[in-house]
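Chemist: from the sequence below, what's the structure:
(one chain, ligands or ions: 1)
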Amino acid sequence: MSTRDPIHPLETLNPKVRARFPMIDRDSRGEPRVYLNTGAGSLTVDTAAEAARDAQGRLNPMPGAVVAGEAETAALQARVRDLVADFLHARSGREISFHQSATAALFNLAFGLRGILGPSANLVVTDIDHMANVSPWETVWGEGHGREVRRARLTAEGALDVDHLLSLVDARTGLLAMTSASNGTGSIVPLRETVAAVRQKSPACLVALDAVHHAPHGVLDVQASDADFLVFSGYKVFGPMLGVFWGKAGLLEKLHPYRVETNKDVLPGKFEMGMLNNASLASLEAALEYLLWLADLAAGPTAVFSDRASKFRFVMASIAEYESGLTRHVLEGFRRLDARHFRCFGISDPARSGERVPTFAFDIGGLTATETKQRLWADAGIQIADGNHYSAAVVRHLGRPEGICRASFAHYDNYMTVELFLGALGRLAA
Ligand SMILES: Cc1ncc(COP(=O)(O)O)c(C=O)c1O
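Modeler: Predicted coordinates for the structure are as follows:
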């Protein structure tokens, strides 16, 4: 028997949620499918796809103040910065900039810290991170400036070894680059405690967070985490292919990013290389507004929120709770599989489902990750990911350098999706 939580509001709302995702049960060629690959990119919400089409076809490319169409573009850009600021609980839209990808934003951040990290500063990165938050630091600061870049390791179960990380931090540590949730094993990193403990050892240490994997699954609060910089990606939060970068305004003002002479050295545009992609911005706006729509539905008609940031906090906390129930159900199901043929990597105790997001790395004995992916697709129309997921150190640590299977869920999934997945795994592992 598996335990079921009392019915969560998002479980009741699940049919309405699924109706907002046109590709939820079929692929681009119309083939039926169960999409368990949100870790590689979430499904796009209907209005985010429509907004991109509309903006691309209709909007003036350049923002400006004279012609009405220019003003409309300028207003869109300002609106989306403010909306993102509320999503992250940042102090202002001036702290938000847009990039080709989260990876591009992190490379630009690493480059932009020239003259800011002291001459004897070392850096700490982690083995749990996607390479997007490792390679920029190793390339720009390790290879480029000859600085020591230390790597915090993983615990045996595939979470970040916070004790080891703290042992690497000393008074000269100038930057910590860390994820907020692993896209390999799904472990959540205890941000607030870790950042506070790091600052005790090195008060001036800057903290750059990669929230790409965490963003669709829980509350991101840059003020509470006390980080200095954060990135996430639009295509993991039900919207466009686009990187979003936040930083504390006082620090951003001091940075020296890639910047052409004619791009003024002022926030937020100083970080943006070339024209912004208005279609992506319109799409991101619609994706985040979808979350506000969901907040209204989940909270009910009488709910009152003090501001938009608290509405985002409410809906993301609801998503985390609902997904935690799905996670527990998955982990309980894993326990019923034949342990000789099935292995789950990462936190696998159902009682600890709150310490992870619903991203599951696993192995079917005797099959490569690609073979398992092929069999799940052929047998059950289930789409998972195989490979290293750009988390190279995680797959090495798990002893699967050639790659692991990863099934990743989101709030548009439900207990039926979980049962389909467990049933298909049961047949494969039998
Ligand atoms: C944890 C994590 N960080 C960074 C990235 C890179 O994001 P982007 O494709 O926007 O550069 C990904 C992409 O999968 C990711 O999962």
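
Chemist: any idea how far the residue of the chain positioned farthest from its centre is from Asn60?
Modeler: When distances to the mean C-alpha position of the chain are computed (Cα atoms, centre = their mean), the maximum falls on Val66, with 38.0 Å. Per Cβ to Cβ, to the nearest Å, Val66 is found 11 Å from Asn60. All C-beta spots, glycine's among them, are computed from the backbone N, C-alpha and C.

Chemist: cool, and Ala71?
Modeler: For Ala71 relative to Asn60 (Cβ to Cβ), the value is 9 Å.

Chemist: could you tell me which residues touch both of those two?
Modeler: Counting by Cβ atoms under 8 Å, 6 or more residues apart in numbering, Ala71 and Asn60 have no contacts in common.

Chemist: so who does the residue farthest from the centre of the chain touch?
Modeler: By Cβ under 8 Å, 6+ apart, Val66 has no neighbours at all.

Chemist: give me the distance between the residue lying closest to Lys248 once chain neighbours are set aside and Lys264.
Modeler: Closest residue to Lys248 apart from its sequence neighbours, by Cβ to Cβ, 6 or more residues apart in numbering: Asp228 at 5.4 Å. Using Cβ to Cβ, Asp228 is found at 23 Å from Lys264.

Chemist: ok, these two, which is more surrounded?
Modeler: Neighbours were counted for Asp228 and for Lys264 using other Cβ atoms under 10 Å; Asp228 has more, 21 against 9.

Chemist: contacting residues for the more buried one?
Modeler: Residues near Asp228 by Cβ under 8 Å, 6+ apart: 206-208, 247-248, 251.

Chemist: that one and the ligand, how far apart?
Modeler: 17 Å (Cβ to the nearest ligand atom, to the nearest Å).

Chemist: so which helix or strand takes in Phe232?
Modeler: Using DSSP states H and E, Phe232 sits within strand 229-233.

Chemist: quick one: list the elements packing against that strand.
Modeler: Counting contacts by 3 or more Cβ pairs under 8 Å, 6 or more residues apart in numbering; DSSP states H and E, strand 229-233 packs against helix 102-112, strand 206-210, strand 243-247.

Chemist: rounded mean pLDDT for whichever helix or strand comes after the second one, please.
Modeler: Read that as strand 206-210. The helix or strand immediately downstream of strand 206-210 is helix 222-225, counting by DSSP H and E. In this model, helix 222-225 has an average pLDDT of 95.

Chemist: so which elements touch helix 222-225?
Modeler: Judged by 3+ Cβ pairs under 8 Å, 6+ apart, helix 222-225 is in contact with helix 191-201.

Chemist: same question for the helix it packs on, mean pLDDT?
Modeler: Rounded mean pLDDT across helix 191-201 is 97.

Chemist: give me the residues contacting that helix.
Modeler: Taking Cβ under 8 Å, 6+ apart as the rule, helix 191-201 contacts 160, 162, 165-166, 169-171, 173, 176, 178, 180, 205, 207, 209, 224-227.

Chemist: list the buried residues in it.
Modeler: Buried residues in helix 191-201, counted by 16 or more other Cβ atoms under 10 Å: 191, 194-195, 198.

Chemist: what does stretch 62-75 give?
Modeler: For stretch 62-75, using 16+ other Cβ under 10 Å, the buried residues are 63, 70, 72-73.

Chemist: what's the farthest-apart pair in these?
Modeler: The widest separation within the buried residues of stretch 62-75, taken as Cβ to Cβ, falls between Pro63 and Glu72 and amounts to 8.8 Å.

Chemist: please render the contacts of Asp228 as TSV that adds pLDDT, neighbour count and distance to the ligand to the earlier fields.
Modeler: Below are these laid out as TSV (pLDDT from 0 to 100; neighbours: other Cβ atoms under 10 Å; distance: Cβ to the nearest ligand atom, whole Å):
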residue	pLDDT	neighbour count	distance to the ligand
Leu206	98	22	18
Val207	98	20	16
Ala208	98	25	12
Gly247	98	27	17
Lys248	98	18	21
Leu251	97	15	21
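
Chemist: quick one, helices of the stretch 201-350 of the chain?
Modeler: Ranges of helices within the stretch 201-350 of the chain are 222-225, 249-252, 278-299, 308-335, based on DSSP state H, counting those that start in this stretch.
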